[in-house]
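Trainee: here's a sequence, model it:
(chains A and B)
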There are 2 protein chains.
Amino acid sequence: MKISTLAEQIKLGKRRALAKGITLIESEQEKHQESAQQLIAELQDERDTMRIGVSGVPGVGKSTFIEAFGNVLIDAGLRVAVLAVDPSSPTTGGSILGDKTRMETLANREEAFVRPSPTSGTLGGVTKRTRETIVLCEAAGYDIVLIETVGVGQSEYEVASMVDCFMVLMLPGGGDSLQGIKRGILEITDVLVINKADGKQESMAQRAGAEYKKAFHLLKPKYEGIEVPVQLTSSLTGKGIEKTWKTIQDFIDTLKERGLFLKNRKGQRQQWFKRIAEERWLNLLWKNPGVEKELPSLAKRISNQEITPDQAANELLKHVKRED
Amino acid sequence: MKISTLAEQIKLGKRRALAKGITLIESEQEKHQESAQQLIAELQDERDTMRIGVSGVPGVGKSTFIEAFGNVLIDAGLRVAVLAVDPSSPTTGGSILGDKTRMETLANREEAFVRPSPTSGTLGGVTKRTRETIVLCEAAGYDIVLIETVGVGQSEYEVASMVDCFMVLMLPGGGDSLQGIKRGILEITDVLVINKADGKQESMAQRAGAEYKKAFHLLKPKYEGIEVPVQLTSSLTGKGIEKTWKTIQDFIDTLKERGLFLKNRKGQRQQWFKRIAEERWLNLLWKNPGVEKELPSLAKRISNQEITPDQAANELLKHVKRED
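Mentor: The predicted structure is shown next:
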């Protein structure tokens, strides 16, 4: 299929075309990468959309939350794309206790598109192509893109730097739990959700909520004068899910009123640009004929400890051949 | 101080020289970076040392475990360096509930060197210079380098790829907890420790241990024919700490017998070399006069959406000036 045809079909909202486009974007093959760039260029008009990060440690209930939340969004007349982290391992694939079908009720809805991202090699899991995938989903007519991310690692920063609202899910739990939470994650949080606030855990969740609120007051705010809302939810009972959506809308409205929404998006495009430039520049290094020629002998000398990694790196860069 | 003098003093085991060397290595200033490279080159002889990663989510008790474990190592006649993740935030520094003095009994011992790494910008926290810091500590006569790492993110992979033994600490907890654990982290685990196995939690820890053992049998082993030991510990009672050290020694012995220890170290030097080469190559991009000149106008065109980040990246690379 021609790229322009694929782009057209994605714009028409054809799910299979969208899936195909994402696969193309995620491909590591060089010939695919050129087509992928072309596709992105054709689809890059920005619509009025919302990009929401959903973060939280394993076990906090992200999938069930997203399912409940996504259904609320659809009932409100929106189309929702979910870029879900696939619980697969880098070596063998699949979650440890067998794959359960995730987000079934959501995935079956006409207005939803659920895409598990293979997290090969990136434990914690944002793919290198998440930004591109967001653009494709938006071009296909999805109003809200939810990006699920696992853990407390570097990927939290990455996702936070590509969304309009970074939501963090926490478990109910008393003061002890706060000990373990590092400032870092709270400082990039836009909306905090205490999930599993049901049954016996409800009062614990309330106490935790109060503590997080206190904690936020001690921290340097992400946006001056905007307080981080703390919301209690239960994906089991549905409690607080609609309220969370309202909370996010209010947050986004505030950002827009202050001109911060567009400012953030602009900054994100700058970051994206730098990331792409670096990726291609690195490609020029490793595919350079002089480098490819020198690499085996340098590798051998490093192995035999005839040369330090540091010296070898300097040596390698001397062998970069100019193309003229 | 001349670099060769600094190197001498580090080799003599002077703590202040070591601290100074690490600060030099961590510096982002260009003039420091050159000295740092020189320092590394002077200190790079490999001794018979052991590099151990200590991973686990916040709250699992890494600091107290390392403190107890480090004391056991010292009592066994070893000198121990700890590269500890600083619980500081990228923006403001300091842990959320105030800094407690960490690893006090260990830090006060003559045979120990505890270095908190600033994790600025890298939530989850391995610094860019951890490999270099390891080399310095080893040159200063430390036999064991413990590298603490937080969370389930990308940093786990990074640390796992620079140590001889990657130890993962888990909380006691039943079958539920296993649901949330992704294969990824278990597949890079060399030794699994279930910490806080004391009091009421002891029987839970035993059950969890049995479950992890089962889980490892389902997974592709990291090393064919080497089973991952599962060890119960309590930093409170000291239970299992000495046994853990014995377990790690056995693991390392097995690696050595099979020639895997040196093979791993060789592979790690190769990775290190590539990382340094890439870092310097990227530096050549962003410091290139043609690029520096073009950047502001490109940034502006991206902001105004006159050009996509992708197109801008291609444009930028065209402006890289050759030095001749």
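Trainee: strands of chain A, start to end?
Mentor: Applying DSSP state E to chain A gives strands spanning A:50-56, A:80-85, A:112-117, A:144-150, A:165-170, A:191-194, A:230-232.
Trainee: and the ones you listed: which comes nearest chain B?
Mentor: Among the strands of chain A, strand A:144-150 comes nearest to chain B, with 6.5 Å by Cβ to the nearest Cβ. No exception for glycine: its C-beta is placed from N, CA and C like everyone else's.
Trainee: which other helices and strands contact the closest one?
Mentor: Packed against strand A:144-150, as judged by 3 or more Cβ pairs under 8 Å, 6 or more residues apart in numbering or on different chains; DSSP states H and E, are the following elements: strand A:50-56, helix A:62-75, strand A:80-85, helix A:130-139, helix A:154-160.
Trainee: how far off centre is the longest one?
Mentor: Relative to its parent chain, helix A:62-75 has a centroid offset of 17 Å by Cα atoms, centre = their mean, to the nearest Å.
Trainee: so that helix, near chain B or not?
Mentor: No: judged by Cβ under 8 Å from any Cβ of the partner chain, helix A:62-75 and chain B are separated, with a smallest distance of 9.9 Å.
Trainee: that helix versus strand A:112-117: what angle between them?
Mentor: Here the directions of helix A:62-75 and strand A:112-117 differ by 150 degrees (axes from the mean of the first three to the mean of the last three Cα atoms, to 10 degrees).
Trainee: residue A:114 and residue A:108 touch, don't they?
Mentor: No: assessed by Cβ atoms under 8 Å, residue A:114 is found out of contact with residue A:108, at 9.3 Å.
Trainee: looking at the two, which one has more neighbours?
Mentor: residue A:114 (21 against 9; other Cβ atoms under 10 Å in any protein chain shown).
Trainee: so what secondary structure elements neighbour the biggest helix by length in chain A?
Mentor: Identified as the longest helix of chain A according to DSSP state H is helix A:260-286. Where contact means 3+ Cβ pairs under 8 Å, 6+ apart, helix A:260-286 is packed against helix A:130-139, helix A:241-257, helix B:260-286, helix B:289-303, helix B:309-318.
Trainee: now the longest one: mean pLDDT?
Mentor: Looking back up the chat, that one is helix B:260-286. Averaging pLDDT along helix B:260-286 gives 93.
Trainee: same check on the fourth one?
Mentor: Mean per-residue pLDDT for helix B:289-303: 95.
Trainee: so residue A:259 versus residue A:265, what's the distance?
Mentor: 11 Å (Cβ to Cβ, to the nearest Å).
Trainee: looking at those two, which one has more neighbours?
Mentor: Higher neighbour count among residue A:259 and residue A:265: residue A:265, with 16 against 9, using other Cβ under 10 Å.
Trainee: quick one, what contacts the more buried one?
Mentor: Residues near residue A:265 by Cβ atoms under 8 Å, 6 or more residues apart in numbering or on different chains: A:46, A:164.
Trainee: hmm, back to that, relative to residue B:274, which of the strands of chain A is closest?
Mentor: Nearest to residue B:274, of all these, is strand A:112-117, at 25.2 Å by Cβ to Cβ.
Trainee: keeping just the C-alphas, turn that closest one into PDB.
Mentor: Taking C-alpha atoms only, strand A:112-117 is exported to PDB below (Å, rounded to 0.1, in the frame of the first residue of the first chain):
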ATOM      1  CA  ALA A 112     -11.900   2.500  21.700                       C
ATOM      2  CA  PHE A 113      -8.500   1.500  20.300                       C
ATOM      3  CA  VAL A 114      -6.300  -0.500  22.600                       C
ATOM      4  CA  ARG A 115      -2.800  -1.000  21.500                       C
ATOM      5  CA  PRO A 116      -0.300  -3.000  23.700                       C
ATOM      6  CA  SER A 117       3.200  -1.700  23.100                       C
END
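Trainee: what about it, near chain B?
Mentor: No: contact between strand A:112-117 and chain B is absent, the nearest approach being 13.1 Å (criterion: Cβ under 8 Å from any Cβ).
Trainee: let me see the residues that make contact with stretch A:130-137.
Mentor: Identification of contacts with stretch A:130-137 by Cβ under 8 Å, 6+ apart yields A:10, A:18, A:21-22, A:25-26, A:36, A:39-40, A:43-44, A:51, A:81, A:83, A:113, A:115, A:117, A:127, A:145, A:147, A:158-159, A:162, A:268, A:272, A:275.
Trainee: verify the stated contact: residue A:268 with residue A:161.
Mentor: Yes: here residue A:268 reaches residue A:161: they are 6.5 Å apart, a contact under Cβ under 8 Å.
Trainee: center of chain A - which residue?
Mentor: The residue lying closest to the centre of chain A (Cα atoms, centre = their mean) is residue A:159, at 4.0 Å.
Trainee: coming back round to it: return the most buried member of the helices and strands packed on helix A:260-286.
Mentor: Most buried of those, by mean neighbour count (mean count of other Cβ atoms under 10 Å in any protein chain shown): helix A:130-139, with a mean of 24.
Trainee: give me the mean pLDDT for that one.
Mentor: Across helix A:130-139, the average pLDDT comes to 93.
Trainee: next one: stretch A:199-217
Mentor: 90.
Trainee: ok now it, how far from the chain's centre?
Mentor: The chain centre lies 26 Å from the centre of stretch A:199-217; the measure is Cα atoms, centre = their mean.
Trainee: where does pLDDT dip in the stretch 101-250 of chain A?
Mentor: Filtered on pLDDT under 70, the stretch 101-250 of chain A yields the residue ranges A:101, A:117-127, A:150-154, A:174-183.
Trainee: try it again at 90.
Mentor: A:101-105, A:107-108, A:115-130, A:149-159, A:171-187, A:200, A:211, A:214-215, A:217-220, A:235-236 (pLDDT under 90).
Trainee: okay, now the domains of chain A?
Mentor: As given by automatic domain parsing, the domain ranges for chain A are A:1-43, A:47-258, A:273-323.
Trainee: right, is the first one up against chain B?
Mentor: Yes: taking Cβ under 8 Å from any Cβ as the criterion, domain A:1-43 and chain B are in contact, through A:37, A:40, A:41.
Trainee: which ChimeraX command selects the buried ones in those?
Mentor: Entered in ChimeraX, the line below selects the buried ones among the residues of domain A:1-43 next to chain B, by 16 or more other Cβ atoms under 10 Å in any protein chain shown:
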select /A:37,40
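Trainee: just the residues of domain A:1-43 next to chain B now: which is nearest residue B:141?
Mentor: Nearest to residue B:141 out of the residues of domain A:1-43 next to chain B is residue A:37 (Cβ to Cβ; 52.3 Å).
Trainee: which residues sit in contact with the closest residue to that closest one other than its chain neighbours?
Mentor: The shortest distance from residue A:37 to any non-neighbouring residue, by Cβ to Cβ, 6 or more residues apart in numbering or on different chains, is to residue B:310 (5.5 Å). By Cβ under 8 Å, 6+ apart, the residues touching residue B:310 are A:37, A:40, A:41, A:44, A:273, A:276.
Trainee: give me the pLDDT value at the second one.
Mentor: Right, residue A:40. We have a pLDDT of 90 for residue A:40.
Trainee: next up, the contacts around it.
Mentor: A:25, A:132, A:135, A:136, B:308, B:310.
Trainee: how many residues are close by the nearest residue to the fifth one once chain neighbours are set aside?
Mentor: What it means is residue B:308. Of all residues not flanking residue B:308 in the chain, residue A:44 sits nearest, at 4.8 Å (Cβ to Cβ, 6+ apart). As a burial measure, residue A:44 scores 19 neighbours (other Cβ under 10 Å).
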